[in-house]
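Participant: 3D, please:
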Amino acid sequence: MSNVDNSLIAPQERPLWPALRKGWRRKCPNCGAGPLLKGYLKVNDECTVCREEFSHHRADDGPAYLTILIVGHLMIPLLHFTFVYYRPEPLVLFTIFALGSTLLTLYLLPRLKGAVIAFQWARGMHGFGED
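Facilitator: Below you'll find the predicted structure:
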């Protein structure tokens, strides 16, 4: 008979980096095969391959905040550099950076949403750790 109290043993931790890579690819963080998202940002209720449930995720505003943070930190220094060294016409500068910011935002947002959900899954947050 063992003297180990099983209630004190931490649940098995899921590997973080493989889950984040799968989430970035918008795939199920558990199996990596099923789609995490249906459409652009709508999350599937469960994985079509392994039946992992996603309905209790809490991505909320996190992906949007991270997208704004990344786009701003990339585009503002680039805008400053372009303005100081090349001095393009204001309309040209606005058009290029507005289009670049929009395209980068549209690219990053679903990928960051997948990564945030995968992070929650890997850490057992918001119902992902319950059996």
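
Participant: quick check: next helix or strand after the helix or strand containing residue 81?
Facilitator: Using DSSP states H and E, residue 81 sits in helix 62-86. The C-terminal neighbour of helix 62-86 among helices and strands, as given by DSSP H and E, is helix 90-123.

Participant: which parts of that following helix are buried?
Facilitator: 97, 101, 108-122 (16 or more other Cβ atoms under 10 Å). C-beta here means a position set from N, CA and C on the backbone, and glycine is covered the same way.

Participant: which residues are contacting the helix holding residue 81?
Facilitator: With contacts defined as Cβ atoms under 8 Å, 6 or more residues apart in numbering, helix 62-86 is touched by 88, 93, 96-97, 100-101, 104-105, 108-109, 112-113, 115-116.

Participant: same list (those) but as CSV, adding pLDDT and distance to residue 22.
Facilitator: Below are the contacts of helix 62-86 laid out as CSV (pLDDT from 0 to 100; distance: Cβ to Cβ, whole Å):
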residue, pLDDT, distance to residue 22
88, 96, 41
93, 96, 38
96, 97, 34
97, 97, 32
100, 98, 28
101, 98, 27
104, 98, 22
105, 98, 22
108, 98, 17
109, 98, 17
112, 98, 14
113, 98, 13
115, 98, 9
116, 97, 13
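
Participant: any idea how far the nearest residue to residue 44 once chain neighbours are set aside is from residue 76?
Facilitator: Excluding the flanking residues, the one nearest residue 44 by Cβ to Cβ, 6 or more residues apart in numbering is residue 38, at 5.2 Å. Distance from residue 38 to residue 76, counting by Cβ to Cβ, to the nearest Å: 34 Å.
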